[in-house]
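# got a sequence here, can you model it:
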Amino acid sequence: MNWSKRLKLENYTLHLVMALLMLRALLMFAVPLLDKTEARYAEIARLMVESKDWVTLQIDYGVPFWGKPPLSTWLSASSMNWFGINELAVRLPAFVLLLILLFFLCSRLKTKGQNFFLPALILLTTPEFFLHTGVVSTDTCLTFCITMALFSFWEAMQTHASWYWKYLIFLFLGFGLLAKGPIALVLSIPVILIWSYMQGHNIINVMRKINVIKGIGILIVIATPWYALAEIQSPGFLNYFVLGEHFYRFFDPGWQGDLYGIPKTYPPGMIWVFLIIFGFPWIFLVLGHFWKNYKLLIRDPWTSFLIVWMLWPLLFFTLSRNILHTYLLPSVVPMALLVVHIWMQKRPTKIYRVYGGVFFIVVVMTSLIFLVDKDFKSFFRTDKYLIRKIIEESPDKPQLLCWEFKSYSSRFYWKAPVVMVQDSTELLLQLDPSKETYILVPQKFSKVFHDSQKKPPKRIASHKKTLLYLIEPHYQEKAHN
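As a prediction, this is how the structure comes out:
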């Protein structure tokens, strides 16, 4: 490829990457927090800001959250301390982390004749990665930590490696323990061991080269203090988190101990279906190239390292039936790096340019529909617009109740305690005669709610999942007569 064509293609890549990043930043501001996963972690971070308790995570006022470690929450809470309680602030750390990751990958993979922005474009046009570039999620922090740890290991294994790479392995693994727990080690260490064995390295020599003894010390110094304090402040945390979240969740599809939701039950191997859907279309390029050239790829140290890195999380989750598509994210980065390698070999300009452009157009059109069409917003799983309706009609902060279920988005946007009631008796007891009272009723409970009322309250607004009612004065009178 001559220099003029190369420069033209690099400019095209740069413009597309910048456009995708700007669009993703706009969506961070415009799209509401969605129930239940993203809104849940946002609310946990908001409660941390309000309570100023940076050790024990809370899922509701005074209720500890044992499901995840604090790194993602710390970042989101710090951002909201600086920029206020809003969607952009709580999502900003994930966006910044992945920006750092993109720049790191682009700069480290820069070789003669390679498009500097190619790794960023491949990742941003992979649905799973684009989705997480600006989403409140523990998987974003986990992926960042795993990527940096494994890339540091690769650098440490080079002949003239700088001394600090071997310590960065354990530094990022330590942060991984604070991002999502022991799963960070489970998804990283086997990659190192399997690849070392495939390449004929003596495992003991590899451990010495990366100085495992000092590395374990780094892990202990980074992760142990928080885990110890969390157990002291909230006894029972370690038992639930280590056994429940890291054993029963993956290997017992009938596990009933989940405190924070209903386990997702899929057929074994569902992670591979997720790979096809959320890794489209680059996964087909990787699989096709691997099918034709697997012997050459396995012999090459770099590509074999990427293949093991990509496949290990997928193999680990293959037998698990309780999974989410977000578990795919640690495999997306090595997949993209394999695409970069294939690009260097074949330069598939057509698929590269056409798919990048099509992906951008589809995302733009979807975003415009959301921004312009008010009815389209009602399909989102969020109570943001109902809370906004209450605030617009009653700026003096009325009372807010929920019937049988209170969403995380309602709590985040209300920024105050939300009381849940389960029958008319509780409703009457909770009414405050000095305030206007609104009640959120999930659509699935609306019939029960109506049947329990002699005179149905006045409906103010609704969306796909929730109805909003204003409690009329006669309820107040009945409650206090």
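# buried set for stretch 181-194?
By 16 or more other CB atoms under 10 Å, the buried positions in stretch 181-194 come out as Gly181, Pro182, Ile183, Ala184, Leu185, Leu187, Ser188, Ile189, Val191, Ile192, Leu193, Ile194. (C-beta placed from N, C-alpha, C; glycine too.)
# on the three-state scheme, Lys435 is what?
Counting by DSSP: H, G, I helix; E, B strand; the rest coil, the backbone at Lys435 sits in coil.
# give the contact list for the residue nearest the centre of the chain.
With distances taken as CA atoms, centre = their mean, Ser137 lies nearest the centre of the chain, 2.6 Å away. For Ser137, the contact set (CB atoms under 8 Å, 6 or more residues apart in numbering) comprises Thr37, Glu38, Tyr41, Ser72, Ala94, Thr326.
# and Leu427, by the same measure?
If you count contacts by CB under 8 Å, 6+ apart, then Leu427 has Leu401, Trp403, Val421, Ile439, Ile471, Tyr475 around it.
# which of these fall within strands?
Among those, DSSP state E puts Leu401, Trp403, Val421, Ile439, Ile471 in strands.
# packing partners of the longest helix belonging to the chain?
As assigned by DSSP state H, the longest helix anywhere in the chain is helix 3-30. Applying 3 or more CB pairs under 8 Å, 6 or more residues apart in numbering; DSSP states H and E, one finds that helix 3-30 contacts helix 87-108, helix 118-124, helix 349-372.
# so Phe172 makes contact with Met148?
Yes: between Phe172 and Met148 there is a contact at 4.2 Å, judged by CB atoms under 8 Å.
# in the stretch 51-200 of the chain, which spans are strands?
58-60, 63-64 (DSSP state E, counting those that start in this stretch).
# pick the most deeply packed of these.
Of all the strands of the stretch 51-200 of the chain, strand 58-60 carries the top mean neighbour count, a mean of 18, counting by mean count of other CB atoms under 10 Å.
# in its sheet, what does that one sit against?
Strand pairing for strand 58-60, determined by DSSP bridges: strand 63-64 (antiparallel).
# over to Thr466: give its phi and psi.
Backbone torsions of Thr466, given as degrees, to the nearest 10, read phi -140, psi 150.
# quick one: contacts for it?
Here Thr466 is in contact with Asp383, Leu386, Ser407, Ser410, Leu440, Val441, Pro442, Gln443 (CB under 8 Å, 6+ apart).
# which of the residues you listed fall in helices?
Reading helices off the contacts of Thr466 with DSSP H, I get Leu386, Ser410.
# name the member of the contacts of Thr466 with the most neighbours.
Among these, the one with the most neighbours (other CB atoms under 10 Å) is Asp383, at 31 neighbours.
# any idea how far it is from Val418?
To Val418, Asp383 is 10 Å away according to CB to CB, to the nearest Å.
# joint contacts of those two?
Ser410.
# circling back: between the contacts of Leu427, which is nearest Glu393?
Nearest to Glu393 among the contacts of Leu427 is Ile471, at 13.2 Å by CB to CB.
# how many residues are close by the closest one?
By other CB under 10 Å, the residues close to Ile471 number 22.
# for the helix or strand hosting Leu338, packing partners?
Element membership for Leu338 (DSSP states H and E) is helix 329-346. Helices and strands touching helix 329-346, by 3+ CB pairs under 8 Å, 6+ apart, are helix 87-108, helix 118-124, helix 127-132, helix 138-156, helix 282-299, helix 301-318.
# now the angle from the longest one to helix 3-30?
Helix 87-108 and helix 3-30 meet at an angle of 160 degrees, taking axes from the mean of the first three to the mean of the last three CA atoms, to 10 degrees as the criterion.
# on that earlier part again, just send the contacts of Thr466 back as TSV, with distance to Ile203 and pLDDT too.
Converted to TSV, these look like this (distance: CB to CB, whole Å; pLDDT from 0 to 100):
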residue	distance to Ile203	pLDDT
Asp383	53	88
Leu386	57	88
Ser407	49	90
Ser410	52	92
Leu440	57	91
Val441	60	90
Pro442	54	88
Gln443	57	87
